[in-house]
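# Any chance you can model this:
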Amino acid sequence: MKLTAQIQTNENYLLANFRGEYTKLDLIGVTEEVLETALKKGIHRVLLDAREITGKPPTILERFELGEAFTGFIRRKDAQIKCAFVGKHPMVDKDKFGETVVANRGGLLKVFTDIKEAAEWLTK
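Below you'll find the predicted structure:
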């Protein structure tokens, strides 16, 4: 099943629930659509819930490229977005390499395995 995201908003952030099989290009494309929606609505906090993504997890190179794509989008849009990414192992690696890639490029994204922790961090 192709990767999709169902989007909802509340008073604190935009929530995107991802479903479907992982591919790097689909995840980049759908994430950019979600971020674009947030910016159009004037929302600067986004929770990406990827717990229902299936398939083979990203390689280390793909994790790097995903982080690069996220920060590249933010730079192109000259946007300030605080983003929490929630997933399950092995989609989320124990070292949270993608989070490090984003941080090293000036982005604000934190990776979680617990959605409540993600929401708390996002609303601080």
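
# ranges for the helices of this structure?
Counting by DSSP state H, the chain has helices at residues 24-40, 60-77, 97-104, 115-122.

# out of everything not next to it in sequence, what's closest to Ala84?
Ala118 (3.9 Å; C-beta to C-beta, 6 or more residues apart in numbering). Every C-beta, even on glycine, is put in place using the N, C-alpha and C of the backbone.

# For that neighbour, give me its contacts.
47, 84-86, 110, 112 (C-beta atoms under 8 Å, 6 or more residues apart in numbering).

# Out of those residues, flag the one nearest to Leu25.
Taking C-beta to C-beta as the measure, Leu25 sits nearest to Phe85 out of the contacts of Ala118, at 17.3 Å.

# ok, that closest one to Lys94 distance?
As judged by C-beta to C-beta, to the nearest Å, Phe85 and Lys94 stand 15 Å apart.

# again, but for Gly107
Using C-beta to C-beta, Gly107 is found at 21 Å from Lys94.

# Those two: which is more packed in?
More crowded of Gly107 and Lys94, by other C-beta atoms under 10 Å: Gly107, with 21 against 8.

# Mark which of the contacts of Ala118 are part of strands, please.
Judged by DSSP state E, the contacts of Ala118 include 47, 84-86, 110, 112 as members of strands.

# Quick one: those residues as CSV, columns for neighbour count too.
Output for those, formatted as CSV (neighbours: other C-beta atoms under 10 Å):
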residue, neighbour count
Leu47, 25
Ala84, 24
Phe85, 25
Val86, 24
Lys110, 17
Phe112, 22
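
# Thr37: which of those residues is nearest?
Once C-beta to C-beta is applied, the member of the ones in strands among the contacts of Ala118 that ends up nearest Thr37 is Leu47, at 13.0 Å.

# surely that closest one meets Asn17?
No - counting by C-beta atoms under 8 Å, Leu47 does not reach Asn17; the two are 9.2 Å apart.

# Out of the ones in strands among the contacts of Ala118, which comes closest to Arg76?
Checking those against Arg76 with C-beta to C-beta, the nearest one is Phe85 at 19.4 Å.

# Could you give the bridge partners of Glu52?
Following DSSP bridges, Glu52 is listed with bridge partners Arg19.
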